[in-house]
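>>> Return a 3D structure for these sequence lines:
(chains A and B)
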Amino acid sequence: MSMKRPVRVRFAPSPTGPLHIGGVRTALYNYLFARQHGGTMILRIEDTDSQRFVPGAEEYIMESLKWCGIEIDEGVGVGGPHAPYRQSERREIYLKYALQLVEAGWAYYAFDSAEELDALRKEAEARGEAFAYNYAVREKLATSLALPAEEVRARIDRGDQWVIRFKMPENQLVEMDDLIRGHVEVNTSTLDDKVLYKSADALPTYHLANIVDDHLMEVSHVIRGEEWLPSLPLHYLLYKAFGWEDSQPAFAHLPLLLKPTGGGKLSKRDGDKMGFPVFPLFWKSPATGETARGYREDGYFPEAFINMLALLGWNPGTEQEIFSMQELIDSFSLERVSKSGARFQPDKAKWFNAQYMHHKTDAELAALYQPILREHGIEVSDEVAGKAAGIMKERATFITDLWDLTSFFFVAPTQYEEKQTRKYWKGDNPRILREVRGVLAAIDDFSLENTERIVHAWIEEKGYGMGQVMNTLRLALVGAGKGPGMYDVTAFIGKEECLRRIDRILEVLPPVE
RNA sequence: GGCCCAUUCGUCUAUCGGUUAGGACGCAAGAUUUUCAUUCUUGAAAGAGCAGUUCGAUUCUGCUAUGGGCUACCA
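Numbering: from 1, shown residues only, chains lettered A, B, ... in the order given. The predicted model follows:
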């Protein structure tokens, strides 16, 4: 591979359902790599399995990438010089290449039916062996290697179903290089003759389509999940068979995302069981009506989601943990991707979201919080909404946490928390609160600082306990033993509202004995 | 079963032969605070096992164990 070759990477999902977060991470790493090298990010849809195609999945994939901020330069949805980018729309391309391999002796026709293959597998299983379609059997079965040429011709002309299989060489060492795993070698005798093309639906399988398209689309780096590592030797041999070794892309196989409990790939069921989303966006299956929650709908910020995902299997080698997309682009490298699978950590995802929450400006918070306020019938300016959110953001993980945290700014308490009431609505406290009312009523400049100064001086002068006074006031204004500093509340709701809330508690709440 | 990949605190990870094995999440304790939180400080917590190479191995090699992936006319 030439150093000068322009970087072109592709994300090539199969539209068989919603894109799960492992797929999002693969897309992200491709994107970061492309951007860092001034390269091109391609989106190719690999819909060569007509059986598993799910309507809506492709749109879901594109919307997910968009939400994540992963931009596509070329491919489905945006077009480009190698269009079309949906493999089902490229079907006429593949047969030619499959036939080229047959002609060159790298592939052959096989006429076995599904039932026949099933029987062979069962037979082998009965003997305690695994059936492999390979050098040992291909010349004994109904293949163009065993049958006379006229017979092969006749079967094809007659319309018999056939497939084209790769003729895996016997006992050859394939040496491969992976950007993450290093040198890998495997003996071809342990491999089988994979189907490359299926006549039944006139479509290639993944292996053929993948190599042909990567070649045609001038892909320079294939960055994909580790589940593809076992088929890498086949892919190497395919490049060799086509004579495309010189332009063969470099490969990088990413470690898998594992269940939080360990023991396998992360799956949809884990999310349901352990209460965290496995998909970026909410998904509803058009076929079954089944739904799955998404990070977006669960209140995650896309930046936090991406930050969390980026650090799962990659790290910069420094102690930095918070990264903007641009920072990720600048510091990402395949060499620093780890080799072993990473368990997904729901708790850490929340922590990342909280970090981003804490760094949001009041204006940003206002935009996100306003819809929730309106749901609760609160109509306030962006400035007011942002201020309330800003005061309490440090305690929130999600935007949706803000209502519980700030509702008292907008709505006077109608109930008083029992514990706080028992503790503070007793003895002299109601009487002292009446005095506090008088002090507050006399203040003209109701700013946080001024109110604090005057009230504190008064408390000191009277010799009252700070905790007693402030908590009683808190009970009156908030109705509970929580909230920000008291003067944040007084300044926010203003003098009149303060007095109103004090009057109400004095009127409504009988003192505790 | 076969093939391939992996293995450092509970989890995510740093270390590119010589370190008191570092950070983060979570957990615990303490401090701060008018409340609830936040925040801060501190603490517990790791090289799977056995050989070998080496003056010296977490780091290199082999074996074992464990985990994972693949083994479809699915991707």
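>>> going forward, measure contacts and count neighbours with C-alpha atoms only.
Will do.
>>> So what's the residue count around A:Glu227?
A:Glu227 has 12 neighbours, counted by other Cα atoms under 10 Å.
>>> Could I get the contacting residues of A:Arg10?
The neighbours of A:Arg10, taking Cα atoms under 8 Å, 6 or more residues apart in numbering as the test, are A:Asn30, A:Met41, A:Ile42, A:Leu43, A:Arg44, A:Val219, A:Val222, A:Ile223.
>>> ok, 6 Å please
Neighbouring residues of A:Arg10 by Cα atoms under 6 Å, 6 or more residues apart in numbering: A:Met41, A:Ile42, A:Leu43.
>>> what's the answer for A:Ala385, then?
Going by Cα under 6 Å, 6+ apart, the list of residues near A:Ala385 reads A:Ala366.
>>> Could you pull up phi and psi at it?
As for A:Ala385, its main-chain torsions (degrees, to the nearest 10) stand at phi -60, psi -40.
>>> which outside residues touch the helix or strand hosting A:Asp177?
If you go by DSSP states H and E, A:Asp177 is part of strand A:173-178. Here strand A:173-178 makes contact (Cα under 6 Å, 6+ apart) with A:His183, A:Val184, A:Glu185, A:Val186, A:Asn187, A:Phe251, A:Ala252.
>>> For ChimeraX, what selects the buried ones among the contacts of A:Arg10?
Here is the ChimeraX selection string for the buried members of the contacts of A:Arg10, based on 16 or more other Cα atoms under 10 Å:
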select /A:41,42,43
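>>> Reformat the contacts of A:Arg10 into TSV and put pLDDT and distance to RNA strand B next to each item.
As requested, the contacts of A:Arg10 are arranged in TSV below (pLDDT from 0 to 100; distance: Cα to the nearest atom of the strand, whole Å):
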residue	pLDDT	distance to RNA strand B
A:Met41	98	17
A:Ile42	98	15
A:Leu43	98	12
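>>> send the alpha carbons of the strand holding A:Asp177 over as PDB?
These are the backbone C-alpha positions of strand A:173-178, laid out as PDB (Å, rounded to 0.1, in the frame of the first residue of the first chain):
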ATOM      1  CA  LEU A 173      -0.100 -20.400   4.900                       C
ATOM      2  CA  VAL A 174      -1.800 -17.000   4.600                       C
ATOM      3  CA  GLU A 175       0.100 -14.300   6.300                       C
ATOM      4  CA  MET A 176      -1.900 -11.200   7.200                       C
ATOM      5  CA  ASP A 177      -1.300  -7.900   8.900                       C
ATOM      6  CA  ASP A 178      -3.800  -6.100  11.000                       C
END
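>>> Okay, buried residues for the biggest helix by length in chain A please.
The single longest helix within chain A, with elements called by DSSP state H, is helix A:486-508. Residues of helix A:486-508 classed as buried by neighbour count (16+ other Cα under 10 Å): A:486-493, A:495, A:498-499, A:501-502, A:504-506.
>>> For A:Glu364, see how far away the closest residue to A:Ala366 other than its chain neighbours is.
The spatially closest residue to A:Ala366, leaving aside those adjacent along the chain, is A:Gly386, at 4.1 Å (Cα to Cα, 6 or more residues apart in numbering). The span separating A:Gly386 from A:Glu364 equals 8 Å under the rule Cα to Cα, to the nearest Å.
>>> So if I had to pick from these two, which one is more boxed in?
For the pair A:Gly386 and A:Glu364, the greater number of neighbours falls to A:Gly386 (23 against 15), based on other Cα under 10 Å.
>>> ranges for the strands of the stretch 51-200 of chain A?
Under the criterion DSSP state E, counting those that start in this stretch, the stretch 51-200 of chain A carries strands at the ranges A:74-75, A:107-110, A:163-166, A:173-178, A:182-187, A:195-198.
>>> Over to the stretch 201-350 of chain A?
Assigned strands in the stretch 201-350 of chain A, in chain order: A:203-204, A:221-225, A:250-254, A:257-258, A:283-284, A:291-292, A:342-343 (criterion: DSSP E, counting those that start in this stretch).
>>> Nearest approach to RNA strand B belongs to which of those?
RNA strand B lies closest, by Cα to the nearest atom of the strand, to one member of these: strand A:342-343, at 4.0 Å.
>>> outside of that closest one, which residues touch it?
Residues external to strand A:342-343 that are found in contact with it (Cα under 6 Å, 6+ apart): A:Leu257, A:Leu258, A:Lys259, A:Pro260, A:Gly313.
>>> Which of those residues lies at the shortest distance from A:Glu92?
A:Leu257 (35.6 Å; Cα to Cα).
>>> What sits closest to that closest one if chain neighbours are left out?
Counting by Cα to Cα, 6+ apart, A:Ala342 is the residue found nearest to A:Leu257 once chain neighbours are left out, at 5.2 Å.
>>> A:Met176 too?
Across the structure, with Cα to Cα, 6+ apart as the measure, the residue nearest A:Met176 apart from its sequence neighbours is A:Val184 (5.1 Å).
>>> and the one you found, how many neighbours?
With neighbours defined by other Cα under 10 Å, the count for A:Val184 comes to 13.
>>> likewise A:Lys4?
Neighbour tally, A:Lys4, other Cα under 10 Å: 6.
>>> how close does it sit to A:Phe323?
Distance from A:Lys4 to A:Phe323, counting by Cα to Cα: 29 Å.
>>> re the thing from before, so which strand or helix has the residue nearest to A:Ala366?
Assigned by DSSP H and E, A:Gly386 falls within helix A:382-392.
>>> buried sites along that helix?
A:Asp382, A:Val384, A:Ala385, A:Gly386, A:Lys387, A:Ala388, A:Ala389, A:Gly390, A:Ile391, A:Met392.
>>> Deepest in the core, which of the strands of the stretch 201-350 of chain A is it.
Between the strands of the stretch 201-350 of chain A, the one whose residues have the most neighbours on average, counting mean count of other Cα atoms under 10 Å, is strand A:203-204 (a mean of 26).
>>> pLDDT of it, averaged?
The average of the pLDDT scores along strand A:203-204 is 96.
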